[in-house]
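Student: Sequence and predicted structure below; questions after.
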Number of protein chains: 2
Amino acid sequence: MARAATTSDVFNAVAEPRRREVIELLAGGERSVGELVAELGSSQPQVSKHLRVLLEVELVSVRREGRHRLYRLEAEGLKQIHEWAQRFEPLWQERLDLLGEVVQELKKEEEGASDE
Amino acid sequence: MARAATTSDVFNAVAEPRRREVIELLAGGERSVGELVAELGSSQPQVSKHLRVLLEVELVSVRREGRHRLYRLEAEGLKQIHEWAQRFEPLWQERLDLLGEVVQELKKEEEGASDE
DNA sequence: TTGACATATTCCTATATGGGTATGTATCGT
DNA sequence: ACGATACATACCCATATAGGAATATGTCAA
């Protein structure tokens, strides 16, 4: 088999840099496809395709406004990612603490050395 | 062009469910490949490949111990994901607050209705 | 209705897998 | 040195894109 579909879950949807950019732009408020195209510098079809993926995993929603389609970020979906990563926070925190201790050790040693 | 390489960044590396499982297992402490194979129920080559991807984006590190290779989670890499998602926390929080308000509204209306 | 504008969809191509199978390589015990 | 154990790689296949180009669809204005 091949890689899983990007439309299957939020993690896959967000794995694409371009789509993360779209999300970041939409965090600033609703945008039409055209605006996104201008801001991203991608082709219109590409932007539409990325939006479709984000739509399928419900990271965005659409609304019609005349000839435009206004896309809006549905941030709840990102919560899932945030929470997943957060589970490991104690671990990287631990490392930082450890680093802090090492620094303390080095300082002591240094002081001891300069003492000689 | 094709899809981006999974070895290019942490987001891609974590997009694969199997690799997230590996990360979760390693969060419990160092493991040998064999242990991971047993716990994941995947084939040994597959596990090795996933570990390689995680290694390339530095989400894990390896250590030799006799015939075994002990993999260890390097959680700092996940911090990046956590922080990226965290940027949007105000947005989903906002929605929840809004939801709360709606609930309050409904309660009031309900009380008013039962009052009639 | 006709034309212009805004998007979505389709088609085509090159590429990067994920999984299975077979094989290479390093380490340990005898 | 030899066989067994523990992994890593190589190879093959089917699939899912990301992009680009062309086209279809939908909406508004005259």
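Tutor: Cool, got the structure. Numbering: from 1, shown residues only, chains lettered A, B, ... in the order given.

Student: is stretch A:25-34 up against DNA strand D anywhere?
Tutor: No - shown here: stretch A:25-34 not in contact with DNA strand D (C-beta under 7 Å from any atom of the strand), separated by at least 11.4 Å. For every residue, glycine as well, the C-beta is placed using N, CA and C.

Student: How many residues are close by whichever residue of chain A sits closest to DNA strand D?
Tutor: Closest contact between chain A and DNA strand D, by C-beta to the nearest atom of the strand, is at A:A2 (2.6 Å). For A:A2, the count of nearby residues is 5 (other C-beta atoms under 10 Å in any protein chain shown).

Student: Specify the local secondary structure of it.
Tutor: coil (DSSP: H, G, I helix; E, B strand; the rest coil).

Student: Then A:E58?
Tutor: coil.

Student: OK, contacts around it?
Tutor: By C-beta atoms under 8 Å, 6 or more residues apart in numbering or on different chains, the contact set of A:E58 is A:E74, A:G77.

Student: again, only using 10 Å
Tutor: A:V10, A:A13, A:E74, A:E76, A:G77 (C-beta atoms under 10 Å, 6 or more residues apart in numbering or on different chains).

Student: can you check A:L25 too?
Tutor: A:R31, A:E35, A:L36, A:E39, A:L40, A:Y71, A:L73.

Student: where does chain A dip in pLDDT?
Tutor: A:95-116 (pLDDT under 70).

Student: So for it, the centremost residue is which one?
Tutor: The centroid of chain A falls nearest to A:R20 when counting by C-alpha atoms, centre = their mean (5.6 Å).
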